[in-house]
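In: Model the following, please.
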Amino acid sequence: MRNFIITIATVLILVLILGAAGVGYLFISSGSKSSKVARYAGGSKVQVTQTIRSADRLKRSSRRARLSGFARSPESFYEKGELVVANPPINFLAVAGKLGFSVLEKVRLSELDLTLYRMGTPGGKTVMEARAMLARRIPGLNMDVNQQFQPQQGAIKATVRSLVGWAKYPSSCGRGIKIGMIDAAVDITHPALKGRNIIFRSFHKRGRRMGPADHGTAVATILAGRPEWGGLLPSASLYAANMFERNETGKVVGNGVALLKGLNWLLKKGVKVINMSIAGADNKVIRKILKRVGARGVVMVAAAGNWGPTARPAYPAAYREVVAVTAFNYRKLIYSYANNGSYIDFAAPGVQIWTAVPGGGKFQSGTSFASPYVAALVASEISRGVRATPDGIRADLRKNVIDMGMGGKDKVFGWGFVLKAPRC
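Out: Numbers count the residues shown, from 1 in each chain. Sure, this is the predicted structure:
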């Protein structure tokens, strides 16, 4: 007993001495049953707190850095060794052949009145060098890189249907309505889509495998899935085009050629509303084609982007012909990774949304899951006779918005949250 008391006293004395000398220890929970010991200098609680907060900030910034490679420079992500040329002049192939270009693919997209060439670039030339060389030889050529795109989901309890107040409407909602989506693959065997009218087609590149179906299945279910899984228009006909694939390294990518093929297919099917929960850089070829599509009375709705509030605009949402949708959470606060910008039109729930994925369901966050609500609402409004143009739809939806930010339209929430019942 005496030895024990002496030992305790010795430890206390050592602690006091070390504390005076400015050295201490702090136990930090590791999230498991054991603990880690972290040394700090100065013996000050303020410094310890600052150290912990700095570490937290470092973790958060490193997470942002991992997510922001595409966001920092989306124009740098394109298919290597490829250019896309639309409706070239008669002498194009002869001139391109002499320069060392090769035809990788030629496709006629009749609904877009478009002949599209996917061209292989000359050996020893970067894509940018090849583009500049071809532009010099054929001025005015409608050409650009084969841009890559991302699905707009976050890495993270309710369905969109319940959050927008549509849970009380019958499963017959959407009958007679056609909606299109250009996204990832869709698991049409999922229970959330059982008995629904889902027509799926993939436009991934020959020789590559189709990408995963998590994102596409979630978006398809929000648009036209079973009510108990959150489907907004359960009786609508949904035409789902996949544009994502795994490249030679196993990375999941989507490119502009697949997007345009999907768009052409949807126009053939007669859809008037197309949801695109994807994001990439501005692209000359795609920009011109989407302008023509908008002029045909087709309304396109897209996710505003998940690159962060200071990031550059995300496309196709930032095109004038596209209605851009951002996301907010259950507290009516903006999604922390959402893009900001003057192109934002409307906001909808998109944080911690219960979604269908192959094998079951999971919570997901992102502007991807906000965009389908506005797309479903647009489809419902067009079926009521609202003018099917981007500006006509914007004017119609603005009549029923809840302003969530600065008065009027702002760069965070756009006009705000559209709260309106569907046509059933």
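In: in the stretch 251-400 of the chain, which spans are helices?
Out: 256-268, 284-295, 371-383, 390-397 (DSSP state H, counting those that start in this stretch).
In: Identify whichever of these lies nearest to Thr326.
Out: Nearest to Thr326 among those is helix 371-383 (8.9 Å), distances taken as C-beta to C-beta. From N, CA and C alone the C-beta is placed, and that goes for glycine too.
In: got the angle between that closest one and helix 390-397?
Out: 90 degrees (axes from the mean of the first three to the mean of the last three C-alpha atoms, to 10 degrees).
In: Buried residues, helix 371-383. List them.
Out: For helix 371-383, burial by neighbour count (16 or more other C-beta atoms under 10 Å) applies to 371-383.
In: Pick the most deeply packed of the helices of the stretch 251-400 of the chain.
Out: helix 371-383 (a mean of 27; mean count of other C-beta atoms under 10 Å).
In: on that earlier part again, could the buried residues of helix 371-383 be laid out in CSV, adding pLDDT and distance to Leu267?
Out: Below are those laid out as CSV (pLDDT from 0 to 100; distance: C-beta to C-beta, whole Å):
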residue, pLDDT, distance to Leu267
Ser371, 98, 20
Pro372, 97, 20
Tyr373, 97, 23
Val374, 98, 20
Ala375, 98, 16
Ala376, 97, 19
Leu377, 97, 21
Val378, 97, 16
Ala379, 97, 15
Ser380, 96, 20
Glu381, 95, 20
Ile382, 95, 15
Ser383, 94, 18
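In: from the residues you listed, which single one is nearest Val322?
Out: Ser371 (10.2 Å).
In: The closest one is in contact with Asn275, isn't it?
Out: Yes: Ser371 lies in contact with Asn275 (C-beta atoms under 8 Å); the separation is 5.7 Å.
In: where do the contact lists of the two overlap?
Out: 219, 301-302 (C-beta atoms under 8 Å, 6 or more residues apart in numbering).
In: quick one: which of these has the most company?
Out: When neighbours are counted by other C-beta atoms under 10 Å, Val219 leads those with 34 neighbours.
In: Toward the C-terminus, what is the element adjacent to the strand or helix carrying that residue?
Out: Taking DSSP states H and E as the criterion, Val219 maps to helix 214-224. Using DSSP H and E, the helix or strand that follows helix 214-224 towards the C-terminus is strand 237-242.
In: Which of the residues in that following strand are classified as buried?
Out: 237-242.
In: and those as a markdown table, adding distance to Trp229?
Out: Listed next are the buried residues of strand 237-242 as a markdown table, based on distance: C-beta to C-beta, whole Å:
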| residue | distance to Trp229 |
| --- | --- |
| Ser237 | 17 |
| Leu238 | 13 |
| Tyr239 | 19 |
| Ala240 | 15 |
| Ala241 | 21 |
| Asn242 | 20 |
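In: Mind putting the helices of the stretch 251-400 of the chain into a markdown table with distance to Ala421?
Out: Below are these laid out as a markdown table (distance: least, C-beta to C-beta, whole Å):
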| stretch | distance to Ala421 |
| --- | --- |
| helix 256-268 | 26 |
| helix 284-295 | 26 |
| helix 371-383 | 9 |
| helix 390-397 | 13 |
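In: so for the helix holding Val219, what's the average pLDDT?
Out: Across helix 214-224, the average pLDDT comes to 97.
In: quick one: low-confidence parts of the stretch 151-300 of the chain?
Out: For the stretch 151-300 of the chain, applying pLDDT under 70 flags the ranges 152-157.
In: Outline the domain layout of this protein.
Out: Domain segmentation of the chain under automatic domain parsing yields 75-147, 150-418.
In: ok, back up a step: closest one of the buried residues of strand 237-242 to Val107?
Out: Distances from Val107 to the buried residues of strand 237-242, taken by C-beta to C-beta, are shortest for Ala241, at 14.2 Å.
In: Show the residue spans covered by the strands in the stretch 101-250 of the chain.
Out: 102-109, 114-120, 143-151, 178-183, 197-202, 209-210, 237-242, 244-246 (DSSP state E, counting those that start in this stretch).
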